[in-house]
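Trainee: any chance you can model this:
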Amino acid sequence: MKEKVIYRKRDVEIIDFFYENDKVRAFFMDDALHSAMFVDEDKRESLLFPYMRNFDGVFTLNREIRRTLVIGGGMYVYPRHLSGMGLNVDVAEINPEYIELARKYFFLTPDDESRMHVFHEDGRGYVRRNKNAYDAIFMDAFVGMVPSRSLTSVEAIQDVHASLREGGVYVVNYLGFKDFSRSQSLKNEILTLKEDFAHVLAVRADIKDEAYRTNYVLFASDTHDAIEGMCEYDLSCAEVIHDLEYWG
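Mentor: Below is the predicted model:
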C-alpha cells in the first residue's frame, strides 16, 4: 500500500492511499484512524466505513427523520452525508480546526454547510444545555480508540434522551471484539443504554479482513425493537457506567 502524507501537524495526519483499487483519504489522530472517504468524485458520495453505512439503518426505524445531531464531527464525512440527504444537521465538535481541514481536504462545501450548524464544544456540554428536539442523534466521538467516557455514562445518556423527540433514535458507534462475549465494555454500554431506553439493538459492522476488533452500531429508542442484521447479546456480568468526576 503506497501512502502519501498530504498534511501533518502535531498529532494529526491526513494520508492518501489506495484501498481495493480506489483512492482513499484518511484522517489519523494520535495514530488512530478517525475518518476516511473516497477521493474520486464519482465515488465521493459513497460511505467508505461499514459502520457509517450501518448508521443509515436508522432510516428504516424512523422514516420521518428531519433534524439530526452528530456528536463528534471529525472530518465531517457523515454530517456531509446527512446534509446531502437534505436533512438539517447540528454538529458538536470540540476542535474548531477540524472544519477547516474538512473544507480543504475532505471536500466539505458551502452547500453542505448551508444545512449544518456547527457548535465547537464538548458533546456532553452541548446536550446538557440543548433545548432542541432531534429525530436522531449520532454519537461518534472518541479519545484515541476509546469512546469518551463523558458520553457513555448513564447520566450522559439521560441528557441525550432528553434531546430526542418522541420516536427518536440514539445511534452509537462503539468498538468491540468480533467475539461479542469478549467485549466487556460494549456489554456495559448496552446495559447502560437500557437503563434509560426501552430497546437497544446492536449491529456488527461487516469487516472483510481478519481484524479481531470491529465496530458495533447501537440503536437505542423507546419504540423500535428490531432491525435487519441485529445481534443477539448476553449482558451477564455487565455493569452500568456512571460518571466519575466529569461534572464534579
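Trainee: which helices and strands does the helix-or-strand element of the chain with minimal mean pLDDT pack with?
Mentor: Counting by mean pLDDT, DSSP states H and E, the chain has its least confident helix or strand at strand 146-147, which shows a mean of 73. Judged by 3 or more C-beta pairs under 8 Å, 6 or more residues apart in numbering; DSSP states H and E, strand 146-147 is in contact with strand 164-177. Where you see a C-beta, it was placed from the backbone N, CA and C, and this is true even at glycine.
Trainee: ok so Phe138 is a strand residue?
Mentor: Yes - according to DSSP: H, G, I helix; E, B strand; the rest coil, Phe138 belongs to a strand.
Trainee: pretty sure it sits against Asn54.
Mentor: No - the pair Phe138 / Asn54 is not scored as a contact, 11.1 Å apart, by C-beta atoms under 8 Å.
Trainee: phi first, then psi, for the residue most central in space within the chain.
Mentor: Nearest to the mean C-alpha position of the chain, counting by C-alpha atoms, centre = their mean, stands Asp140 at 2.5 Å. The phi/psi pair for Asp140 (degrees, to the nearest 10) reads phi -140, psi 50.
Trainee: now the closest residue to it other than its chain neighbours: how far from Phe28?
Mentor: Once flanking residues are discounted, Asp140 sits nearest to Gly72: 4.2 Å by C-beta to C-beta, 6 or more residues apart in numbering. Gly72 sits 15 Å away from Phe28, going by C-beta to C-beta, to the nearest Å.
Trainee: and the longest helix along the chain, how far out from the chain's middle?
Mentor: Longest helix of the chain, by residue count under DSSP state H: helix 184-194. Relative to its chain's centre, helix 184-194 lies at 16 Å (C-alpha atoms, centre = their mean, to the nearest Å).
Trainee: that one to strand 164-177, inter-axis angle?
Mentor: Between helix 184-194 and strand 164-177, the angle comes out at 170 degrees (axes from the mean of the first three to the mean of the last three C-alpha atoms, to 10 degrees).
Trainee: who are the packing partners of helix 184-194?
Mentor: helix 154-162, strand 164-177, strand 199-204, strand 213-221.
Trainee: nice, that's everything, thank you.
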